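[1] Okay, here's the prediction I keep looking at, along with the sequence it came from:
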There are 2 protein chains.
Amino acid sequence: MSAKSRRLDSATLAGLGENGLIQLLTRRWRGGRGVRVGVGDDCAVLDGGRKGEWLLYKTDAVVEEVHFTAKTAADLIGRKALARAVSDVAAMGGSPWSALITIGIPPETKPQRIRGIYRGLEKLAREYDVSLVGGETTRASKLFLSVSLLGRMKTEPVLRSTGRAGDLLFVTGKLGRTIPGKHLKFKPRVAEGQWLARKGFARSMMDLSDGLGADLPRLAAASGVGYRIEREALPRNPGASVVQALNDGEDYELLFSVAPGDVRRLLSQWPFELALTCVGALTKGKTNEIRHGGYDHFKQR
Amino acid sequence: MSAKSRRLDSATLAGLGENGLIQLLTRRWRGGRGVRVGVGDDCAVLDGGRKGEWLLYKTDAVVEEVHFTAKTAADLIGRKALARAVSDVAAMGGSPWSALITIGIPPETKPQRIRGIYRGLEKLAREYDVSLVGGETTRASKLFLSVSLLGRMKTEPVLRSTGRAGDLLFVTGKLGRTIPGKHLKFKPRVAEGQWLARKGFARSMMDLSDGLGADLPRLAAASGVGYRIEREALPRNPGASVVQALNDGEDYELLFSVAPGDVRRLLSQWPFELALTCVGALTKGKTNEIRHGGYDHFKQR
């Protein structure tokens, strides 16, 4: 056994953390035929068949007692499972297209509850023009939903890795999970993401799922730059503290960087009611993905 | 509450069964922009961008204590999870292309075991030229893997629904799960499926995952015809009874129907070492998906 294998053998999930685990698992994954972006961005980006067209490819799971509880309204579980993936397509500026739904079901589950979950899925799919084209049912000890989503776009996808030092950082909407249940009812920012990509304002972009304090370091690291957060400037939900705006996950707002020369035009042309706030800048130097709080599935609390 | 809702409310999963549940959940799913085939076939078939090119889209999950146990070798868990989806792409005659891997992990799991699962995934991906382009890790109470796979093809996909009365039915390989561990190491029949689609021999096709006795009625029902099985003619693994060849799941062989006039050419041109056996025919009349055994996730045993 090599020294590396021994180290891995004695490692624990809590010790590795979510980022460490993902890096460990995917470090040997390379691109391939028709793969423009693989691991490490909001979606994979694949050749869309026609020149200048791209497929966005994403999967996302929600698990009982991790992302929702036995008391969560069924339709909101389904809604959230699909909305999370739609948000990732939005974060590259794409249009959600079609989805596959896998559900793991404990045998004692009432069919009525499963039907409710699918009603929530179907409603969100209609709102965002997503075709539900298949999936699977399997037995499981805890309820889970795993959603796979394909998106399409005819403009260049906006990546996490293309920010530059000097770019100003913006977020849509408000941060901090202060409204009970908000995390189940969030609106993926599809129209906003598409507009930012089409207009070319967003030089890099991602959606906020684990909190600005965890997600911004990922964008900065992917772009090979540092960052600065204007903590006092963070747009906060009513009653949210600065720490909550930084650390609470599940905002599902867009975080993007804008070249300094484009900021004035962005602010004058922004056509949405949704708030748009400058929260800092990308800076020279490196980010080694130091976490400023945020959510980690495997760290001990 | 409507009469239908009341009936659903008092229904149980065991009473509905897997087919009943899937029909209940997806009965309102229609196609959409660029969707050629949605629910009900081995894969969804989507517009591939260029004329005459198609995307095949599939998801599949394996769950601890349902599809494998805590004692199953880690690499074989990963192998099987991806191989099942590859087999579905093969069953339409397509080429597997790129995959997303979602893993749900109990917190006490050893990172070494997870790494082993991914090694098995990576090995099969190399064998079948699949690019691993992303995925997700989440906490879960039981280990599960959910795989999403995209395939491509430049010929017409072979569907379940296009068989005709009078077609002869063939299976590749041998049936019945008699070799311990065979279900973990099966070879998806990609080259065979591609050849059958390209040559136009297969008029309808699917892969056998729940056993011929459960899967053939699905193909016949999708095609709107009946079927006849030559029970004594079934190709069986060493020691397998006829009942086992009919009912054991996880064969992952191809089942396809051939126009009577094409059978002689098929048999003379078949270029593979793999056995090819006529097991019956599609007949006039309707199949209401009567089950001849096979595996159901939700029926009581």
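    Yes, it's here.
[2] make it CA atoms for all contacts and neighbour counts henceforth
    Noted.
[3] residues in contact with stretch A:67-80?
    For stretch A:67-80, the surrounding residues in contact (C-alpha atoms under 8 Å, 6 or more residues apart in numbering or on different chains) are A:62, A:64, A:113-114, A:116-124, A:145, A:183-186.
[4] For PyMOL, write a command that selects the buried ones of those.
    For selection in PyMOL, the members of the contacts of stretch A:67-80 meeting the burial criterion (16 or more other C-alpha atoms under 10 Å in any protein chain shown) are listed in this command:
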select buried, chain A and resi 62+64+114+116+117+118+119+120+121+122+124+145+183+184+186
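[5] and chain B, which of the contacts of stretch A:67-80 contact it?
    When the contacts of stretch A:67-80 are filtered against chain B using C-alpha under 8 Å from any C-alpha of the partner chain, the residues retained are A:114, A:118.
[6] Which of the contacts of stretch A:67-80 fall in helices?
    Helix and strand membership here follows DSSP state H; of those, those in helices are A:113-114, A:116-124, A:183-185.
[7] Closest to chain B out of those residues?
    Ranking the ones in helices among the contacts of stretch A:67-80 by separation from chain B, with C-alpha to the nearest C-alpha as the measure, puts residue A:118 on top at 6.7 Å.
[8] which residues touch that closest one?
    With contacts defined as C-alpha under 8 Å, 6+ apart, residue A:118 is in contact with A:75, A:78, B:25.
[9] and the last one, what is it in contact with?
    Yep, that's residue B:25 we're talking about. Going by C-alpha under 8 Å, 6+ apart, residue B:25 touches A:114, A:115, A:118.
[10] Tell me how many other residues crowd residue A:73.
    As a burial measure, the neighbour count of residue A:73 was computed by other C-alpha atoms under 10 Å in any protein chain shown and equals 15.
[11] Just say helix, strand or coil for residue A:198.
    With DSSP: H, G, I helix; E, B strand; the rest coil as the basis, the three-state label of residue A:198 is helix.
[12] Give me the nearest residue to it, chain neighbours excluded.
    The spatial neighbour of residue A:198 that comes closest, neighbours along the chain excluded (C-alpha to C-alpha, 6 or more residues apart in numbering or on different chains), is residue A:155 at 6.4 Å.
[13] how close does the one you found get to residue B:63?
    According to C-alpha to C-alpha, to the nearest Å, residue A:155 and residue B:63 sit 39 Å apart.
[14] Give me the distance between residue A:146 and chain B.
    7 Å (C-alpha to the nearest C-alpha, to the nearest Å).
[15] all helices for chain A, in order.
    Along chain A, the stretches classed as helices by DSSP H are A:3-10, A:13-26, A:74-90, A:111-127, A:182-185, A:190-199, A:212-223, A:242-247, A:263-269.
[16] Mean neighbour count, these: which tops it?
    Burial among the helices of chain A, expressed as mean neighbours by mean count of other C-alpha atoms under 10 Å in any protein chain shown, is greatest for helix A:74-90, which shows a mean of 27.
[17] Reformat the contacts of residue B:25 into a markdown table and put pLDDT next to each item.
    Below are the contacts of residue B:25 laid out as a markdown table (pLDDT from 0 to 100):
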| residue | pLDDT |
| --- | --- |
| A:114 | 95 |
| A:115 | 94 |
| A:118 | 96 |
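[18] For the residues you listed, give me CSV that also has distance to residue B:50.
    Written out in CSV, the entries for the contacts of residue B:25 read as follows (distance: C-alpha to C-alpha, whole Å):
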residue, distance to residue B:50
A:114, 38
A:115, 37
A:118, 33
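[19] residues in contact with the residue nearest to residue A:198?
    If a contact means C-alpha under 8 Å, 6+ apart, then residue A:155 has A:52, A:53, A:54, A:197, A:198 as its contacts.
[20] Could you tell me how many residues sit around the closest residue to residue A:94 other than its chain neighbours?
    In this structure, residue A:94 finds its nearest non-sequential neighbour in residue A:153, 5.0 Å apart by C-alpha to C-alpha, 6+ apart. As a burial measure, residue A:153 scores 23 neighbours (other C-alpha under 10 Å).
[21] From residue A:92, how far out is residue A:153?
    Look at residue A:153 and residue A:92: by C-alpha to C-alpha, they are 9 Å apart.
[22] Repeat that for residue A:18.
    In this structure, residue A:18 and residue A:92 are 23 Å apart, going by C-alpha to C-alpha.
[23] Then residue A:51?
    18 Å.
[24] Between these two, point out the one with more neighbours.
    residue A:92 (32 against 10).
[25] For that one, give me its contacts.
    With contacts taken as C-alpha under 8 Å, 6+ apart, residue A:92 has the following neighbours: A:42, A:43, A:157, A:158, A:159, A:193, A:194, A:197, A:205, A:206.
[26] same thing but 6 Å
    With contact set as C-alpha atoms under 6 Å, 6 or more residues apart in numbering or on different chains, residue A:92 has these partners: A:157, A:158.
[27] give me phi/psi at it?
    phi -110, psi 0 (degrees, to the nearest 10).
[28] Near chain B, which residues of the stretch 1-150 of chain A are found?
    Taking C-alpha under 6 Å from any C-alpha of the partner chain as the test, the list of the stretch 1-150 of chain A residues beside chain B reads A:9, A:32, A:38-39, A:44, A:49-50, A:59, A:112, A:131, A:133-135.
[29] In ChimeraX, select just the buried ones from the residues you listed.
    One line in ChimeraX is enough to select the buried ones among those; burial here means 16+ other C-alpha under 10 Å:
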select /A:32,38,39,44,49,59,112,131,133,134,135
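[30] Put together TSV for the residues of the stretch 1-150 of chain A next to chain B, with distance to residue B:68 on each row.
    Converted to TSV, the residues of the stretch 1-150 of chain A next to chain B look like this (distance: C-alpha to C-alpha, whole Å):
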residue	distance to residue B:68
A:9	22
A:32	30
A:38	29
A:39	27
A:44	29
A:49	38
A:50	41
A:59	23
A:112	29
A:131	32
A:133	27
A:134	24
A:135	20
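[31] how about the residues of the stretch 1-150 of chain A next to chain B, which pair is most distant?
    A:9 and A:50 (46.1 Å; C-alpha to C-alpha).
[32] and the closest residue to residue A:54 other than its chain neighbours, what pLDDT?
    On the basis of C-alpha to C-alpha, 6+ apart, the spatially nearest residue to residue A:54 that is not a chain neighbour turns out to be residue A:48, at 4.0 Å. Here, the pLDDT recorded for residue A:48 equals 92.
[33] what does residue A:24 give?
    pLDDT, the model's per-residue confidence, is 83 for residue A:24.
[34] That one: what's its closest spatial neighbour, skipping adjacent residues?
    If the residues on either side of it in the chain are set aside, residue A:24 comes closest to residue B:115, at 7.8 Å by C-alpha to C-alpha, 6+ apart.
[35] what does residue A:252 give?
    Nearest residue to residue A:252, sequence neighbours excluded (C-alpha to C-alpha, 6+ apart): residue A:208, at 4.8 Å.
[36] so who does the one you found touch?
    Neighbouring residues of residue A:208 by C-alpha under 6 Å, 6+ apart: A:251, A:252, A:253.
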